[in-house]
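Enquirer: Only the shape, not the letters, is given here:
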Ligand SMILES: [Zn+2]
């Protein structure tokens with residue numbers, strides 16, 4: 001056709017690559033692209049597993065609840081000490097009372113003034129014991145409350161840790177499954193990439209980097225599967241004239257466009 005060169009000027013994408021590759025090698029490039037797309041999807045899945053977010057949430061909650069647990073633990077320890085102290089004080093005063101009663105009953109104190117003062121002291125000691133026992137009771141109640149609080153917090157913490165362990169197991173299972181699929185895709189890619197000439201592969205890598213991971217696309221039913229656009233009649237007619245081994249670029253998106261038996265040319 002005489003107007004060929006004009007068409008070339010009108011559709012510069014079509015001659016841009018100036019690269020030739022066996023049609024079979026071009027088909028293999030589509031296989032490489034398929035594996036690369038799979039690998040990109042797997043990498044995306046790996047990064048965005050819902051378990052990652054859940055692990056972060058639970059870890060944060062555990063840190064918070066563990067802080068509460070330390071506080072509750074300290075409160076229980078303080079109150080336990082306070083209770084022992086209150087208990088010891090009661091015992092001390094009771095011992096003194098016992099001694100005084102023994103002296104009183106032994107008859108060793110005969111002086112009426114001494115006897116009176118001893119009886120006064122016993123009354124005072126009883127009052128003191130009553131006061132101390134009230135205080136001790138209050139501390140015991142506080143301690144009981146603090147212990148209940150600590151048990152609740154400890155149970156919460158345990159439940160959160162169980163949840164975390166489960167989510168981590170689920171995450172690890174999902175990651176292992178992804179790793180397996182990545183290994184399989186890499187293996188498959190190695191088989192097909194060996195069939196693609198270096199020059200075509202480096203063009204593919206360059207285009208792929210530029211166009212969001214999709215460097216090569218099939219032309220199917222007059223549509224570029226890279227940009228999903230249907231090519232216009234002039235472009236399709238132009239493409240139909242190009243040798244089979246010419247590496248084409250999509251006139252719409254510039255990706256490497258690989259002709260297929262279903263291209264619709
Ligand atoms: Zn396209």
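Expert: Structure received. Keep in mind the model is a prediction, meaning the values are calculated, not measured. Residues are numbered from 1 along each chain as shown.
Enquirer: residues touching residue 262, list them.
Expert: 220, 221 (C-beta atoms under 8 Å, 6 or more residues apart in numbering). The C-beta positions use only the backbone N, C-alpha and C, and glycine is treated the same way.
Enquirer: And for the helix or strand where residue 39 lies, what's in contact with it?
Expert: Per DSSP states H and E, residue 39 falls inside helix 23-47. Contact partners of helix 23-47, identified using C-beta under 8 Å, 6+ apart, comprise 21, 175, 178, 181-182, 185-186, 188-189, 192-193, 195-197, 200-201, 204, 208, 213-218, 244-245, 247, 256, 258-260.
Enquirer: For that helix, what is the distance to the chain centroid?
Expert: 27 Å (C-alpha atoms, centre = their mean, to the nearest Å).
Enquirer: I'd like the mean pLDDT over the helix or strand that comes right after that helix, please.
Expert: Going down the chain from helix 23-47, the next helix or strand is helix 50-106, by DSSP H and E. Taken as a whole, helix 50-106 has an average pLDDT of 96.
Enquirer: Okay, angle between helix 50-106 and helix 23-47 too, please.
Expert: Between the direction of helix 50-106 and that of helix 23-47, the angle (axes from the mean of the first three to the mean of the last three C-alpha atoms, to 10 degrees) works out to 20 degrees.
Enquirer: Mean confidence (pLDDT) on the helix holding residue 39, please.
Expert: Rounded mean pLDDT across helix 23-47 is 97.
Enquirer: Now that helix: buried residues?
Expert: 25-36, 38-39, 42 (16 or more other C-beta atoms under 10 Å).
Enquirer: domain ranges for the chain?
Expert: 4-47+192-259, 50-177 (automatic domain parsing).
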